[in-house]
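Colleague: prediction below, plus the sequence it came from.
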Amino acid sequence: MPVQQLEKIFDDKLEKEIRIEPRDWMPDNYRKNLIRMIGQHAHSEIVGMLPEGEWITRAPSLRRKATLLAKVQDEAGHGLYLYAAAETMGISREEMNDQLLTGKAKYSSIFNYPTLTWADIGAIGWLVDGAAIMNQVPLCRTSYGPYARAMIRVCKEESFHQRQGFEILLTLCRGSKEQKEMAQDALNRWWWPSLMMFGPNDDNSPHTAQSMKWKIKRFTNDELRQKFVDICTDQAKVLGLTIPDPDLKWNEEKKQYDFGKINWDEFWNVVNGNGPCNKERIAARIKAHEDGKWVREAAEAYASKKKNVKAA
Ligand code: FAQ
């Protein structure tokens, strides 16, 4: 079939909100852009296990330990659904992993910050999972079928994570003066990096316009960031915490909160590998890959033995 005709079928599907499926024809750049985005998303889930994983043995009670363990395991599951969704577009898991370990593929900037206190685990659940939900609920309607379907389960689990994080902070805020201070300190450190999770401002976001046309993204980076600020500002009041932004103020005309300027130098510095924990995070992933070598070799040996027996 001539390319123009294939393009027309593709465009009609987008227009009618019919999902694009792995065997459908799609423009090369649509495929490339989605592999990039889903790959980055999958790596974020996997690297995202590291900051919270450090607190599993130090959680303050058995209940907290069990819920944190379950949450971190959920993130591993999200990474696996996402790698599987990207594989349907023709890239292998090995290639994606290689891109992460060699620094060719990005992962979310947020996971390059350290978790210094128990309150940071609450702040991650509330803010980081909260930002992830804000960004990912619209992705349940993204135009590529396997990605959209993976997002449905991911979002259900992220909602649980967000609530457990909020509850950790609420408990601290209702506790002693020191506990409340610890919660405020965590908010002070995680607030701005959480706003950066949504990506650069729309005028500096090279992928947004095309991704909106392809219905991969349903909202722009700035639109989602604004919704997040509005929701969190009210939630912070429930906690009795202060958002560390002197310019945060209700705008009656726009019916939204105006907020201060994001430090984009810090964002790009972290994205480009120079955040507080970038090197540590990649070193941990390289070690995990090397430690898992014997498992991959054993699985391959078993598979080839089974194949030989069948052939014989
Ligand atoms: N960090 O043109 P745009 C989670 C890059 S999952 C690092 O705006 P796009 C769950 C971007 O890749 C969190 N890099 O790009 C969890 C591009 O670089 P490239 C991850 C960033 O794709 C919770 C360049 O900047 N979520 O948290 C970031 O249209 C708790 C230009 O940017 C997803 O991945 C950043 N923050 O919009 C796990 C969701 N922002 O590739 C554990 C799916 C931008 O040209 C614990 N992804 N860049 O070299 C998306 O929605 C989009 O990809 C955006 C970026 C919104 C992240």
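Modeller: That came through, no problem.

Colleague: please count neighbours and contacts with C-alpha atoms only from this point.
Modeller: Noted.

Colleague: now do the host helix or strand of residue 305, average pLDDT.
Modeller: Element membership for residue 305 (DSSP states H and E) is helix 293-311. In this model, helix 293-311 has an average pLDDT of 94.

Colleague: quick one: it to chain centroid distance?
Modeller: 34 Å (Cα atoms, centre = their mean, to the nearest Å).

Colleague: same check on stretch 55-62?
Modeller: Here the centre of mass of C-alpha atoms in stretch 55-62, compared against the chain's by Cα atoms, centre = their mean, lies 23 Å away.

Colleague: how about the CA coordinates for that stretch, as CSV?
Modeller: Backbone C-alpha positions of stretch 55-62 (Å, rounded to 0.1, in the frame of the first residue of the first chain) are rendered in CSV as follows:
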residue,chain,number,x,y,z
TRP,A,55,14.6,2.7,53.9
ILE,A,56,13.1,-0.8,53.9
THR,A,57,15.4,-2.0,56.7
ARG,A,58,15.0,1.3,58.6
ALA,A,59,11.2,1.8,58.4
PRO,A,60,10.0,2.6,61.9
SER,A,61,7.6,-0.4,62.4
LEU,A,62,6.8,-3.8,60.9
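
Colleague: is that stretch anywhere near the ligand?
Modeller: No. Against the ligand, stretch 55-62 shows no contacts by Cα under 6 Å from any ligand atom, the least distance being 12.6 Å.

Colleague: ditto for stretch 92-99
Modeller: No. Stretch 92-99 stays clear of the ligand (Cα under 6 Å from any ligand atom), getting no nearer than 11.8 Å.

Colleague: and that stretch, what's buried?
Modeller: Residues of stretch 92-99 classed as buried by neighbour count (16 or more other Cα atoms under 10 Å): 96-97, 99.

Colleague: just these now: which is nearest the ligand?
Modeller: The ligand lies nearest to residue 99 out of these, by Cα to the nearest ligand atom, at 11.8 Å.

Colleague: give me phi/psi at the closest residue to the closest one other than its chain neighbours?
Modeller: If the residues on either side of it in the chain are set aside, residue 99 comes closest to residue 105, at 5.1 Å by Cα to Cα, 6 or more residues apart in numbering. According to degrees, to the nearest 10, the main-chain angles of residue 105 amount to phi -110, psi 140.

Colleague: could you tell me which of the buried residues of stretch 92-99 belong to helices?
Modeller: 96-97, 99 (DSSP state H).

Colleague: so what's residue 194 up against?
Modeller: With contacts taken as Cα atoms under 8 Å, 6 or more residues apart in numbering, residue 194 has the following neighbours: 110, 127-128, 131.

Colleague: of all those residues, which comes closest to the ligand?
Modeller: For the contacts of residue 194, with the ligand as the reference and Cα to the nearest ligand atom as the criterion, the closest is residue 128, at 5.4 Å.

Colleague: mean confidence (pLDDT) on stretch 53-67, please.
Modeller: What stretch 53-67 shows for mean pLDDT is 97.

Colleague: measure how far that stretch is from the centre of its chain, please.
Modeller: 22 Å.

Colleague: then stretch 299-312?
Modeller: How far stretch 299-312 lies from its chain's middle: 38 Å, per Cα atoms, centre = their mean.

Colleague: likewise stretch 139-149?
Modeller: Centre-to-centre, stretch 139-149 and its host chain are 15 Å apart (Cα atoms, centre = their mean).

Colleague: repeat that for stretch 72-83.
Modeller: Its chain's C-alpha centre and that of stretch 72-83 lie 10 Å apart, by Cα atoms, centre = their mean.

Colleague: give me the buried positions along it.
Modeller: Judged by neighbour count (16+ other Cα under 10 Å), stretch 72-83 contains these buried residues: 72, 74-83.

Colleague: which ones among those are found in helices?
Modeller: Of the positions in the buried residues of stretch 72-83, 72, 74-83 sit in helices, assigned by DSSP H.

Colleague: need the next SSE after the lengthiest helix in the chain, C-terminal direction.
Modeller: Longest helix of the chain, by residue count under DSSP H: helix 145-173. Proceeding C-terminally, helix 145-173 gives way to helix 177-196 as the next helix or strand, assigned by DSSP H and E.

Colleague: what's the next helix or strand after that next one in contact with?
Modeller: Per DSSP H and E, helix 177-196 leads on to helix 208-213 as the next helix or strand towards the C-terminus. If you take Cα under 8 Å, 6+ apart as the criterion, helix 208-213 is touched by 202, 217-221.
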